[in-house]
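Student: Below are the sequence and a predicted model; questions follow.
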Amino acid sequence: MAVDGIVLFAKTSGQTSFSSLYTIKRALNIKKVGHTGTLDSFADGLLVVCTGCATHLVKYITDFDKEYDAIIQFGQETDTLDPTGKVVQTSDLPTLKDLNFAVKKWLGENQQIPPKYSAIHVDGKRLSDLSREGKSVEIPKRKITVFNSAIIECRATDKSLCAKDEDKVLYAHIHFSVSKGTYIRSLARDIAYDCFSCAHLVALRRTRVGNFYLK
């Protein structure tokens, strides 16, 4: 019997969005499925999946805004901007004061350069494939909107909580509410640059897609 509807799937870290579809296909014994926005393999959280006749809704749900919890590590940037990549540069750690300023600076509408390791197509090829081939291409900027961002917690090198403006931040837990097409990896990179540092994501969880919630 056909199963037409929307499945809210909690993807685990290390699992690709594509392999998640296989899990759902097998569980529901259905062939026609489609997800509404890729999550990187290192990330976890909400994957909204349409099945059967409901797959025609994919293009609409993809346009919804999203929310994420991100753990950013400062002082090191990787080529993939996540924990799977190679360290390409290091820097001093930002102060809590500078981090607060940079996070607020990215509120609203901005132009973002997506990661070079991403599914975006340039000249008919994925950026990630071009990067693995060692090819350098100009990555077009895209318009994004950060509706809200909140620093939940910051940790110093000794794992203590950062409380003073002059405290140096090694890890930051930040909650983001963003428009479709926003790369949190790029957002972490750019926030770090604006507080005189560099960074990469060590963890990412999608908690909301439109009116659908991970909880």
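Tutor: Yep, that arrived.
Student: residues in contact with stretch 203-210?
Tutor: Counting contacts by Cβ atoms under 8 Å, 6 or more residues apart in numbering, the residues outside stretch 203-210 that touch it are 13, 36-37, 39-40, 42-48, 61, 64-71, 82-83, 175, 177, 184-185, 213-215. For glycine as for every other residue, the C-beta is placed from the backbone atoms N, C-alpha and C.
Student: Could you tell me which of those are located in helices?
Tutor: Residues from those lying in helices, with DSSP state H as the criterion: 61, 184-185.
Student: Now list the buried members of the contacts of stretch 203-210.
Tutor: Burial by neighbour count, judged by 16 or more other Cβ atoms under 10 Å, picks out 36-37, 39-40, 42-48, 61, 64, 66-71, 82, 177, 184-185, 214 from the contacts of stretch 203-210.
Student: Show me which positions of stretch 152-171 end up buried.
Tutor: Of the residues in stretch 152-171, those buried by neighbour count under the rule 16+ other Cβ under 10 Å are 154-156, 162, 167-171.
Student: biggest separation within these, which pair?
Tutor: Checked with Cβ to Cβ, the buried residues of stretch 152-171 reach their widest spread between Asp167 and Tyr171, with 12.1 Å between them.
Student: who touches both of those two?
Tutor: Taking Cβ under 8 Å, 6+ apart as the contact rule, the neighbours common to Asp167 and Tyr171 are Cys154.
Student: chain center to stretch 61-72, what's the gap?
Tutor: Once both centres are worked out by Cα atoms, centre = their mean, to the nearest Å, stretch 61-72 turns out to sit 7 Å from its chain's centre.
Student: Arg189 belongs to a strand, doesn't it?
Tutor: No: with DSSP: H, G, I helix; E, B strand; the rest coil as the criterion, Arg189 is assigned helix and is not in a strand.
Student: Buried residues, the helix or strand harbouring Val146. List them.
Tutor: Per DSSP states H and E, Val146 falls inside strand 142-155. Neighbour counts over strand 142-155 (16+ other Cβ under 10 Å) mark 142, 144-146, 149, 151, 154-155 as buried.
Student: What mean pLDDT does it get?
Tutor: Confidence over strand 142-155 (mean pLDDT, whole number) is 96.
Student: next one: stretch 22-41
Tutor: The predicted confidence, averaged over stretch 22-41, sits at 87.
Student: what's the answer for stretch 187-207, then?
Tutor: Per-residue pLDDT values over stretch 187-207 give a mean of 97.
Student: Then stretch 158-165?
Tutor: 94.
Student: Does Phe147 touch Val178 like I think?
Tutor: Yes: contact between Phe147 and Val178 holds when scored by Cβ atoms under 8 Å: they sit 6.5 Å apart.
Student: now the ones in helices among the contacts of stretch 203-210 as a markdown table including distance to Pro115?
Tutor: Output for the ones in helices among the contacts of stretch 203-210, formatted as a markdown table (distance: Cβ to Cβ, whole Å):
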| residue | distance to Pro115 |
| --- | --- |
| Ile61 | 23 |
| Ile184 | 10 |
| Arg185 | 5 |
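Student: Looking at these, spot the one nearest Lys105.
Tutor: Each of those was scored against Lys105 by Cβ to Cβ, and Ile184 proved nearest at 16.0 Å.
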